[in-house]
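Student: I would like to see how this sequence folds:
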Amino acid sequence: MSAYRETSERAKIPAQRFADLILDMGTYLLASGAHCGRLNSNLGRLATAWEFEMNMNPTFKGLLVTVKDLNDPSNIITCYKSSPAHNVHLAVLTDVSHLSWKVQEEKLSITEVEKEFTKIKTKSHYNDIIVAIAVGLSCAGLCLFSFGDWINALITFSAAFIGYIVKVLFANRKYNPMICISIAAFITTLITGLGKLYGIGAHPEAAMATAVLYLIPGVPLINCVIDLIEGYLASAINRALFGGFILLCIAAGMTLCITLMGISNF
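Tutor: Alright, predicted model coming up:
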């Protein structure tokens with residue numbers, strides 16, 4: 001009887017309900033750092049398990065999908081949803097992937113998937129202090145690779161740590177992300193620039209060059225290349241422009257700080 005109810009529920013899934021679920025999952029995946037190929041594979045498993053045909057057109061800011069019930073051609077709908085603010089969370093990508101495999105292998109109902117995905121969305125994000133420490137250590141390591149000494153690395157750690165915290169504080173106040181990045185680049189360069197002005201360490205310019213690297217949009221740029229290879233040209237172009245503008249904001253923040261501090265030989 002239980003198996004009959006599960007089969008009956010899957011057979012009666014309205015296209016609107018299925019579309020709402022995959023739009024919610026798809027836009028959340030986009031915001032968490034997924035490339036378009038991952039969206040297609042994860043959501044495609046749901047469509048296959050519940051006997052829907054799915055066509056999707058992802059962009060950097062949203063997702064357009066058309067779903068059609070293979071058993072009832074009249075059960076069809078096309079919907080669009082904008083993605084939330086982008087905030088990379090790789091654990092979400094893993095959890096959604098596991099959930100999509102469970103749907104295919106364990107024949108979960110749509111109600112069960114909706115409940116599981118609600119739990120995934122409530123997953124807490126990475127602790128800001130821990131991320132700031134990791135950011136500082138990674139930039140300090142890059143400073144050492146760039147022939148800076150331990151004093152330069154310590155300055156780099158401090159600058160990256162403080163810059164990241166400042167970025168988070170402004171982001172929490174709902175400032176435009178590009179403004180947050182420009183301010184963070186300015187503050188980070190201000191701290192490392194003092195080392196350059198006073199000649200602290202063997203290579204203070206190494207600290208200036210590496211402390212801002214935590215702002216580089218690695219995930220959008222990597223996903224841009226993946227989307228380009230897989231043929232999602234619209235999304236690839238959007239990601240490239242987004243990443244390029246972030247780089248421009250980093251350069252603007254650094255240039256303003258260097259100019260105000262009078263550093264002319266960097």
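Student: which stretches of the stretch 1-150 of the chain form strands?
Tutor: 52-58, 62-69, 72-82 (DSSP state E, counting those that start in this stretch).
Student: what pLDDT, on average, does the shortest one get?
Tutor: Okay, so that is strand 52-58. For strand 52-58, mean pLDDT is 93.
Student: what pairs with it, parallel or antiparallel?
Tutor: Strands that pair with strand 52-58, judged by DSSP bridges, come out as strand 62-69 (antiparallel).
Student: what comes into contact with the strand it pairs with?
Tutor: By Cβ atoms under 8 Å, 6 or more residues apart in numbering, the surrounding residues in contact with strand 62-69 are 13, 15, 18-19, 22-23, 26-27, 30, 39, 43, 47, 51-58, 75-83. All C-beta spots, glycine's among them, are computed from the backbone N, C-alpha and C.
Student: list buried residues within these.
Tutor: For the contacts of strand 62-69, a burial check counting by 16 or more other Cβ atoms under 10 Å picks out 13, 15, 18-19, 22-23, 26-27, 30, 39, 43, 47, 52, 54, 56, 58, 75, 77, 79, 81, 83.
Student: quick one: low-confidence ranges for this structure?
Tutor: Where the chain drops to pLDDT under 70, the residues are 1-11, 265-266.
Student: switch the cut-off to 50
Tutor: 1-6, 8-9 (pLDDT under 50).
Student: so where's the longest helix in it?
Tutor: helix 233-261 (DSSP state H).
Student: counting contacts, what elements does that one pack onto?
Tutor: Under the contact criterion of 3 or more Cβ pairs under 8 Å, 6 or more residues apart in numbering; DSSP states H and E, helix 233-261 touches helix 177-197, helix 218-230.
Student: pull the distance from it to the chain's centre.
Tutor: Distance, stretch centre to chain centre, for helix 233-261: 16 Å (Cα atoms, centre = their mean, to the nearest Å).
Student: and that helix, what's buried?
Tutor: For helix 233-261, burial by neighbour count (16+ other Cβ under 10 Å) applies to 235-236, 238-240, 242-243, 246, 249-250, 253-254, 257-258.
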